[in-house]
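Asker: no sequence for this one, just the structure:
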């Protein structure tokens with residue numbers, strides 16, 4: 001899939017957690033934006049006498065009619081240059097962009113259990129993968145567990161989409177972890193970091209395929225654990241989110 005240069009028009013924006021805003025764009029030429037679920041695009045954001053380039057995973061759930069809307073999730077960074085401009089962007093305004101990029105996608109795997117880890121907005125590519133994951137889980141031998149690490153329940157980005165699939169398919173599990181909140185009673189989730197939750201799973205390096213997206217510390221610690229458990233590189237797929245303003 002070749003990279004494209006295009007202009008986006010902001011359709012809408014909304015806070016979906018206290019610190020994350022979801023942006024919905026369309027191309028100004030009216031064309032669809034062809035991408036593979038799990039890929040990202042790069043926004044070209046004017047700032048003073050230069051252009052800031054920031055990459056964001058595509059969070060759009062494909063609907064089978066051709067992806068015209070492009071959704072991304074952006075975490076607010078205090079005093080951030082790029083995020084400050086984005087958070088002030090109003091519907092109808094335009095930005096240049098390029099993409100799609102990245103190889104953090106589902107592949108033609110044999111029956112497997114997918115273990116999907118994310119922190120914060122690192123869950124965005126998994127949202128785009130939901131239809132494909134559902135199709136695979138409906139086949140014999142496929143399972144998936146999504147482990148999302150955030151500070152507390154109010155930061156569970158796109159949780160409704162994952163909870164819906166978990167209700168529809170018994171072989172899909174959604175398991176949040178909270179670093180600053182201790183669940184009580186019947187609350188969903190557990191206390192701790194998501195990589196600690198990974199350590200408690202009975203992992204199988206012959207059958208499991210692990211996807212890691214988000215905080216570099218989480219990814220590095222998870223990779224070290226997986227290597228200790230006998231995982232080889234082809235069964236570890238990662239996308240680091242490097243913090244920038």
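Answerer: Now that the structure is in, tell me what you want to look at. Everything numeric in this text was worked out from a predicted model, so none of it was measured.

Asker: Tell me which stretches of the protein form strands.
Answerer: 4-17, 20-27, 40-47, 50-57, 70-75, 94-101, 113-119, 143-150, 172-178, 190-191, 208-214, 236-240 (DSSP state E).

Asker: Just checking: what are the partner strands of the third one?
Answerer: Strands that pair with strand 40-47, judged by DSSP bridges, come out as strand 50-57 (antiparallel), strand 94-101 (antiparallel).

Asker: okay, the ones you listed in a markdown table with mean pLDDT and mean neighbour count next?
Answerer: For glycine as for every other residue, the C-beta is placed from the backbone atoms N, C-alpha and C. Putting the strands paired with strand 40-47 into a markdown table (pLDDT from 0 to 100; neighbours: other CB atoms under 10 Å) gives the following:
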| stretch | mean pLDDT | mean neighbour count |
| --- | --- | --- |
| strand 50-57 | 95 | 17 |
| strand 94-101 | 96 | 18 |
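
Asker: can I get those in TSV with distance to residue 123?
Answerer: Shown next, in TSV, are the strands paired with strand 40-47 (distance: least, CB to CB, whole Å):
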stretch	distance to residue 123
strand 50-57	9
strand 94-101	18
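
Asker: Quick one: closest of those to residue 84.
Answerer: Among the strands paired with strand 40-47, strand 50-57 comes nearest to residue 84, with 10.4 Å by CB to CB.

Asker: ok now the closest one, how far from the chain's centre?
Answerer: Chain-centre distance of strand 50-57: 17 Å, with CA atoms, centre = their mean, to the nearest Å.

Asker: Same check on stretch 24-36?
Answerer: 19 Å.

Asker: swap in stretch 164-182?
Answerer: That offset, for stretch 164-182, works out to 15 Å (CA atoms, centre = their mean).

Asker: now that stretch: mean pLDDT?
Answerer: Here stretch 164-182 scores 95 as its mean pLDDT.

Asker: got it, and stretch 35-48?
Answerer: 95.

Asker: Ok, stretch 69-82 next?
Answerer: On average, the pLDDT along stretch 69-82 is 93.
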